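1. Okay, here's the prediction I keep looking at, along with the sequence it came from:
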Amino acid sequence: MPIAPDDVHLDALSTAVRALANGDRPAANLAAEQLAVVPSQLLTRQSITPTMTAQVMQRDYFSCLYCGAKIVPPPVLRAASLVWPRLIPYNVNWKTGVTHPIYVSHAGTIDHVKPYAHGGLGDIDNLATACWSCNLQKSEFSLDRLGWQKREPIASTWDGLVDCYVALWEVAQPRASAADIHYHRVWLRAFGAERRIMADAKTPEQVGKDKLAAAATEAAVAKTAAERFVWQPGDITITNPDGTVVK
Ligand SMILES: [Zn+2]
C-alpha cells in the first residue's frame, strides 16, 4: 500500500496560493518562503557516468534490485539492434512501435534509491541497478512511499551479455553512424571491454600464434630468400633470420 508523502510543501503551497488569490501578496510571499529547499533537494539531476553505471551493474550482477529481472545494458542492446535492425528495432527516443519491447522489459538503468528530490546523492551506495520498468514506476518516489524494498545483489553468472559486447560491436561497427561509434567507444571502455581485447591478445598462446602467423607471412612474401624455405615431405620448415626453426 503506497504511503502518501508528508504535506509540508503542499501546505506551504496552499497557503501561498490562497493568500495570493485573496490579494494578500506579502502573506503569499511569506508562505512561499516555506517552499525553499537546499540546492541538493532540487531536481538537478547529475548524470551518472558510464563508468559508474558499469560498476553498479557489475556489483548487482546485472539484475534489477527491485524485481530481480535480469537486465542488459542499453549499449549492448543497441549494438544488437545495429546487427539485426529489422528484428530488434531501436529508436533513439525509445518510441513505442519502432523500438523492440525488450528495451522496456530488459534494458538496465541506474536508479537513485533515495531520489534526488529527497536529497539522495549520486554515490555508489545510493545507486541501484533497475530494469526500465521498475525505474519508470519508481520515478522520484521513495521506497517507503511505494512500499518497495531493495534486494541485496544475488551472486549470479549472468553478465548482461557484456562478455559478447565486443563481438557484437565488431559486427555492428560497419553499419554504425559517427554518433554510434562515439557512443559505443565510451561504453566499451566503461565496461572494460577494450581492455579485455588487449588482455586476450596478450595471452602467451595468442602471442605465440601471432608470431608464427607473422613469421609465416614474412617468409611467404620473401620470395628472393628462397633458401629460407626448406621443403620436407609433407611439411614446411620456416627458419627465423637468426637460423632457429619456427615450430
Ligand atoms: Zn525491475
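-> Alright, I've got the coordinates.
2. Neighbouring strands of the helix or strand encompassing residue 110 in the sheet, and parallel or not?
-> In the assignment (DSSP states H and E), residue 110 maps to strand 108-112. Its sheet considered, strand 108-112 pairs with strand 127-131 (antiparallel) by DSSP bridges.
3. Low-confidence regions, the protein specifically.
-> Applying pLDDT under 70 to the chain flags residues 1-7, 37-46, 116-120, 194-247.
4. How about the residues of it by the ion?
-> Contact residues (Cβ under 5 Å from the ion) of the chain with the ion: 64, 66-67, 69, 131, 134. Where you see a C-beta, it was placed from the backbone N, CA and C, and this is true even at glycine.
5. So what's the residue count around residue 126?
-> Neighbour count for residue 126, taken as other Cβ atoms under 10 Å: 14.
6. Pretty sure it sits against residue 111.
-> No - using Cβ atoms under 8 Å, residue 126 makes no contact with residue 111, being 9.3 Å away.
7. Direction-wise, compare whichever helix or strand residue 77 is part of with strand 108-112 and give the angle.
-> Using DSSP H and E, residue 77 falls within helix 74-83. If you take axes from the mean of the first three to the mean of the last three Cα atoms, to 10 degrees, helix 74-83 sits at 160 degrees to strand 108-112.
8. then helix 74-83 to PDB, C-alphas only?
-> Provided in PDB are the C-alpha atoms of helix 74-83 (Å, rounded to 0.1, in the frame of the first residue of the first chain):
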ATOM      1  CA  PRO A  74      21.400  -0.400 -23.200                       C
ATOM      2  CA  PRO A  75      24.600  -0.200 -25.200                       C
ATOM      3  CA  VAL A  76      24.700  -4.000 -25.600                       C
ATOM      4  CA  LEU A  77      21.000  -3.900 -26.800                       C
ATOM      5  CA  ARG A  78      21.800  -1.100 -29.200                       C
ATOM      6  CA  ALA A  79      24.800  -3.000 -30.600                       C
ATOM      7  CA  ALA A  80      22.400  -5.900 -31.200                       C
ATOM      8  CA  SER A  81      19.900  -3.600 -32.900                       C
ATOM      9  CA  LEU A  82      22.600  -2.400 -35.300                       C
ATOM     10  CA  VAL A  83      23.400  -6.100 -36.100                       C
END
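9. Now do the buried residues in the next helix or strand after that helix.
-> Using DSSP H and E, the helix or strand that follows helix 74-83 towards the C-terminus is helix 101-106. Neighbour counts over helix 101-106 (16 or more other Cβ atoms under 10 Å) mark 103, 106 as buried.
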